[in-house]
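Colleague: Sequence first, predicted coordinates after that:
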There are 2 protein chains.
Amino acid sequence: MSLATAPLLDRAPCSVPAAIALANLAPTAVQGVVDCTLSLRHAGRRTLRLRYEWLGDPALPVLLVAGGISAGRHVAASEALPQPGWWQGQAGDGLALDPVRHGVLAIDWLGADGTLDAPIDPADQADAIAQVLDALGIAALDAFVGCSYGAMVGLQFAARHPSRLRRLVAISGTHRAHPYSSALRALQRRAVALGALQCDERDGLALARQLAILSYRTPEEFAQRFGPAQVIGNGVRVGAEDYLDHCGAKYSAHASPTAFLRLSESIDLQALAPESIAVPVTVVAVAEDRLVPIDDAYDLVERLARGRRGRRQPQLRVLRSAYGHDAFLKEHAAIDAVLREALA
Amino acid sequence: MSLATAPLLDRAPCSVPAAIALANLAPTAVQGVVDCTLSLRHAGRRTLRLRYEWLGDPALPVLLVAGGISAGRHVAASEALPQPGWWQGQAGDGLALDPVRHGVLAIDWLGADGTLDAPIDPADQADAIAQVLDALGIAALDAFVGCSYGAMVGLQFAARHPSRLRRLVAISGTHRAHPYSSALRALQRRAVALGALQCDERDGLALARQLAILSYRTPEEFAQRFGPAQVIGNGVRVGAEDYLDHCGAKYSAHASPTAFLRLSESIDLQALAPESIAVPVTVVAVAEDRLVPIDDAYDLVERLARGRRGRRQPQLRVLRSAYGHDAFLKEHAAIDAVLREALA
């Protein structure tokens, strides 16, 4: 295993939005890579490059923060890396994930660069994170905070590396992929395959993303936001179609089809016995989530409790949000409150 | 307008299933066509051929029965046309829709044969049905029983041709297309368009159908029915994938892409003020329906009531079913009960 750090990688000072005042940014952030050999559960031994970012003073207790399959290592802006991160609303000065009190560590998922064209298990991601911790000399995490796919990987990490974790916060992700949600993802992958029969894979990838967006959001939001369909020329255009065009184009312009396919599959491979988890867990679920039904969160909590034998029982927090599965990206105040409580 | 009848069209005696005993079948059924000129709401005047089937004695009071966009004029088996119909569980000897007591009339939707490549409004379908009634000498229907798209058309018929209708039963379809459901249908149409870029449109049509199936069913059903994903070779196959393959292949083998696109669009064009409806209406909704949210059924009933000024108030029946939107095709006993009550 080799370790290389590359601070200030991807620096793009011009992209600082007005909302992120440089005076309040954590001064320190380091991006780096770890080359390591992993025994993948379904694809044998592979030598792979893992990419991480470590925000805040390395002497502080470390939080591992992980998001959905489209999220990566850049969680929040810093003076060193000032572009906004994917969880900008939760990590930063005065927020629940405050780089003054914690180091915030995150990785790019195995497979995110599109070079690993094999089935990737969420357990593989957990093992990859353990290797990054080895490389960085971090004996144990103060907490693993995972959302969506990141929550699935967090549960795997808790089951496989319990000595390296004080507590887990699992938001909108559980111990299994629901069969209905898996079916919807399988059809998204078919859209990519259908597009791949042309010379340009972008159309298929855009359609897959648009389908995913529908599963992330809710009818309640769409009813408030979009009007009725209209006849335009010889066809019909529905109210949400401009929005969906935007989502598809934005995603397909930069995403790797292989990365999408393999990480989408990886969600469907989630399979874990919650009874085997010994570390304290806070489960956060959203009542309106159409992708991770709240019944699966109830089941997770019940089965975590069964494995605890009188130790600290799992905590459940249920949020209400018209953003459904995407609530972790949109409901900043509610997520801040549950994070503060879980990390207190 | 010209009228031609063609009894015994499409006769296929070999396909009679054991469950349909010939002794109990209504002896009479006639299929025919009506050539007429319609002023389409978004596509001007067109001369079109309408196809109907009339089951039972023509002297009996007539029920117009209409299903989803894939359903057609053949509702149930008869001695004359013994192949099973799309609503075989509800129409027949001893059932709520009994050809001994009612004539059962149904049409193939405008656009179902793929020859009308223009936006089709649900109001156009209602006007087409009125023309069929003219041709057959039916002054008024005893009831219009519509499911899904058929319920949308039924509401249009009640608003546009009130003197020709005694009562309406609207099952799992309302006065508007929900913006979220419209978005999902727009993406199904994009799947067809993506497939059309190849030489063979079947793959795109199959994907569109598979996406539609997910919206017709529920996570509850899939959780009971399908197991977890598996790694097979270098890929992942989810539990529902065999079933979805079957659904896609069966549909795309015979469906017309143009018919699918135009009837799918037509659902999204549904827009009607329920306050304008004067005939008695029974609204039937399914709590688990993901395509027609039950809140839209509540809204329909409230707005129907506002237009009634002391006359008979609309009736609401709410069913519970893990089949969701498809409950009208699967919950035979519950649908039989609501039909008996509504038609008493």
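Modeller: Cool, the structure landed. For clarity, every value in this text was computed on a predicted model and none was experimentally measured.
Colleague: Can you pull out the low-pLDDT segments for the stretch 101-250 of chain A?
Modeller: The model of the stretch 101-250 of chain A has pLDDT under 70 over residues A:199-200.
Colleague: try it again with 80
Modeller: A:198-200 (pLDDT under 80).
Colleague: ok, A:L105 - contacts?
Modeller: By Cβ atoms under 8 Å, 6 or more residues apart in numbering or on different chains, A:L105 lies in contact with A:52-55, A:62-65, A:132, A:136, A:138, A:141. To be clear about C-beta, it is placed using only N, CA and C from the backbone, and glycine gets the same treatment.
Colleague: rerun at 6 Å
Modeller: Contacts for A:L105 (Cβ atoms under 6 Å, 6 or more residues apart in numbering or on different chains) come out as A:54, A:62, A:64.
Colleague: Next SSE downstream of whichever helix in chain A runs longest?
Modeller: If you go by DSSP state H, chain A has its longest helix at helix A:179-196. The first helix or strand that comes after helix A:179-196 along the chain, using DSSP states H and E, is helix A:202-216.
Colleague: what does the stretch 151-300 of chain A have sitting close to chain B?
Modeller: Contact residues (Cβ under 6 Å from any Cβ of the partner chain) of the stretch 151-300 of chain A with chain B: A:179-180, A:182-184, A:186-187, A:190, A:194-195, A:197-198, A:203, A:207, A:210-211, A:214, A:219, A:222-223, A:226, A:228-229, A:231, A:236, A:238-241, A:265, A:268-269, A:271, A:293.
Colleague: List buried residues within those.
Modeller: A:179-180, A:182-184, A:186-187, A:190, A:194-195, A:203, A:207, A:210-211, A:214, A:219, A:222-223, A:226, A:229, A:231, A:236, A:238-241, A:265, A:268-269, A:271, A:293 (16 or more other Cβ atoms under 10 Å in any protein chain shown).
Colleague: circling back to that earlier point, would you mind putting the contacts of A:L105 into TSV with neighbour count alongside?
Modeller: Converted to TSV, the contacts of A:L105 look like this (neighbours: other Cβ atoms under 10 Å in any protein chain shown):
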residue	neighbour count
A:W54	23
A:V62	22
A:L64	27
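Colleague: do stretch A:60-79 and chain B meet at all?
Modeller: No: remark: stretch A:60-79 sits outside contact range of chain B, by Cβ under 6 Å from any Cβ, the gap being at least 13.6 Å.
Colleague: Just the terminal-to-terminal distance for that stretch.
Modeller: End-to-end distance for stretch A:60-79: 18 Å, by Cα to Cα, to the nearest Å.
Colleague: can you pull out the helices in the stretch 51-200 of chain A?
Modeller: Ranges of helices in the stretch 51-200 of chain A, per DSSP state H, counting those that start in this stretch, are A:122-136, A:149-160, A:179-196.
Colleague: quick one: which of those is nearest A:L329?
Modeller: helix A:149-160 (11.8 Å; Cβ to Cβ).
Colleague: Remind me what that closest one packs against, helices and strands.
Modeller: For helix A:149-160, the packing partners by 3 or more Cβ pairs under 6 Å, 6 or more residues apart in numbering or on different chains; DSSP states H and E come out as helix A:122-136, strand A:143-147, strand A:168-171.
Colleague: Minimum distance to A:T37: which of those has it?
Modeller: helix A:122-136 (8.7 Å).
Colleague: Tell me where chain A has strands.
Modeller: For chain A, applying DSSP state E gives strands covering A:2-5, A:29-40, A:44-55, A:62-66, A:103-107, A:143-147, A:168-171, A:230-232, A:235-237, A:281-286, A:315-319.
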